[in-house]
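Q: Just a sequence and a predicted model for now, questions to come.
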Amino acid sequence: MVAVIEGKGTAYRYGGEEDAILLPNFSVSEGEAVAEVIRKSVAGTAVSNKQLNVTVSTGLACIPDHAAEAADLLRNADQAMYQAKRLGRNLVRISGEPETLPAPQRRISRREPNGSALTDEEQEHIKRLYFTDGCAKCPRDGASLEVQEAGRMGLKTPDLIVLCPLCGLEGLIPGIAV
């Protein structure tokens with residue numbers, strides 16, 4: 001979760017099994033996109049050697065759309081979270097959203113770049129960061145990229161397969177030939 005919100009907001013422990021994330025200056029749809037990335041990431045990760053599956057139920061509220069004060073914001077987000085649990089868990093619900101069964105699949109309206117459209121400058125930026133710092137940031141939103149090396153014969157550096165868990169940027173950056 002921390003990697004998803006790094007540089008965008010702050011995560012806080014709130015209660016026994018609850019966390020609160022504050023994302024200043026984010027719209028409802030941008031907050032929803034972050035929550036969906038976290039939900040999918042947690043649902044896709046097995047926990048412990050017993051391969052336990054854990055899910056996340058998220059309630060989202062935004063100032064001024066859903067509340068004017070912090071206490072109301074927290075209460076509305078909490079109510080939306082309990083609605084997500086009532087509707088089957090592993091959901092993101094927005095404060096005031098009507099209850100429907102099953103919960104509608106959302107199309108995230110946040111940036112959805114075309115993975116094949118990495119510019120030369122973006123490729124160079126990613127390669128420079130990866131090979132000098134050992135990690136790379138997305139040139140479009142600053143999130144930590146998932147990078148896999150794909151070695152081929154005759155290359156001085158490996159091909160890089162990159163994926164941004166936040167904006168969906170993905171692509172293959174060819175390695176440098178010997």
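A: Sure thing, it's come through. This structure is a prediction, so every number in the text was calculated from the model and none was measured. Numbering: from 1, shown residues only.

Q: tell me the SS of the most centrally placed residue in the chain?
A: Nearest to the geometric centre of the chain sits V37, at 3.2 Å (CA atoms, centre = their mean). Per DSSP: H, G, I helix; E, B strand; the rest coil, the secondary structure class of V37 is helix.

Q: pLDDT below threshold where in this protein?
A: Within the chain, the stretches with pLDDT under 70 are 1-2, 100-117, 178.

Q: Show me the domain layout of it.
A: Per automatic domain parsing, the structural domains of the chain span 2-94, 115-173.

Q: Quickly list what V92 is bridged to.
A: When bridges are taken as DSSP bridges, the partners of V92 come out as T58.

Q: Tell me if I'm right that it and K85 touch.
A: No. If you go by CB atoms under 8 Å, V92 and K85 don't touch, sitting 11.9 Å apart. Every C-beta, even on glycine, is put in place using the N, C-alpha and C of the backbone.

Q: So which of those two has more stuff around it?
A: Regarding V92 and K85, a neighbour count based on other CB atoms under 10 Å identifies V92 as having more, with 26 against 14.

Q: can you pull out the helices in this protein?
A: Taking DSSP state H as the criterion, the chain contains helices spanning 2-5, 28-43, 70-86, 120-133.

Q: how close does the residue nearest to the centre of the chain sit to A77?
A: Taking CB to CB, to the nearest Å as the measure, V37 falls 17 Å from A77.

Q: out of everything not next to it in sequence, what's closest to Q83?
A: Closest residue to Q83 apart from its sequence neighbours, by CB to CB, 6 or more residues apart in numbering: R93 at 4.9 Å.

Q: Over to A77?
A: Using CB to CB, 6+ apart and skipping residues adjacent in sequence, the residue nearest A77 is A61, 4.0 Å away.

Q: And for that neighbour, the neighbour number?
A: Neighbours of A61 using other CB under 10 Å come to 23.

Q: mind checking how far it is from S48?
A: If you measure A61 against S48 using CB to CB, the figure is 32 Å.

Q: rewinding a little: identify whichever of the helices of the chain lies nearest to G15.
A: Closest of the helices of the chain to G15 is helix 70-86, at 9.3 Å (criterion: CB to CB).

Q: Sounds good, over and out.
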